[in-house]
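Novice: model the structure of this input:
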Amino acid sequence: ALRFLCRYLGINLADSMAIGDSSNDASMVEAAGVGAAMGNAHPALKELADGITDTNDRDGVAKAIARFCPELGLAV
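Specialist: Numbers count the residues shown, from 1 in each chain. From the prediction side, this is the model:
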């Protein structure tokens, strides 16, 4: 799905970011230019990820975006 979306939007896959928490997210996290695992993610996914963010109930997605996209200037 990520590959399709990037092609559809004309975005290079290397310029994408994926954030997941389960083992079924592994191929997406690996394919993305930056792959992040939630703090409460499956341990196997954490091993594959470029970084680990906070948990889903502690703004993990927002923190991952702020960390890996500093040019956006987000404060979390």
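Novice: and the strands in this protein?
Specialist: Secondary structure of the chain (DSSP state E): strands at 17-20, 34-37, 51-52.
Novice: can you say which of those is nearest to residue 72?
Specialist: In terms of CB to CB, the element of these nearest to residue 72 is strand 17-20, at 11.4 Å. For every residue, glycine as well, the C-beta is placed using N, CA and C.
Novice: what is the mean pLDDT for that closest one?
Specialist: Averaging pLDDT along strand 17-20 yields 97.
Novice: coming back round to it: tell me which of the strands of the chain is the most buried.
Specialist: Across the strands of the chain, averaging neighbours per residue (mean count of other CB atoms under 10 Å) puts strand 34-37 on top, at a mean of 24.
Novice: can I get it in PDB, CA atoms only?
Specialist: The C-alpha coordinates for strand 34-37 follow below in PDB (Å, rounded to 0.1, in the frame of the first residue of the first chain):
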ATOM      1  CA  VAL A  34      12.300   6.100   7.500                       C
ATOM      2  CA  GLY A  35      10.600   3.400   9.500                       C
ATOM      3  CA  ALA A  36       9.600   4.000  13.100                       C
ATOM      4  CA  ALA A  37       8.100   1.600  15.700                       C
END
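Novice: show me what it is in contact with.
Specialist: Contact with strand 34-37 is made by 16-21, 28-29, 45-46, 48-53, 64, 68, as judged by CB atoms under 8 Å, 6 or more residues apart in numbering.
Novice: mean confidence for that strand?
Specialist: Averaging pLDDT along strand 34-37 yields 97.
Novice: so what are the sheet partners of it and their directions?
Specialist: Here strand 34-37 has these sheet partners by DSSP bridges: strand 17-20 (parallel), strand 51-52 (parallel).
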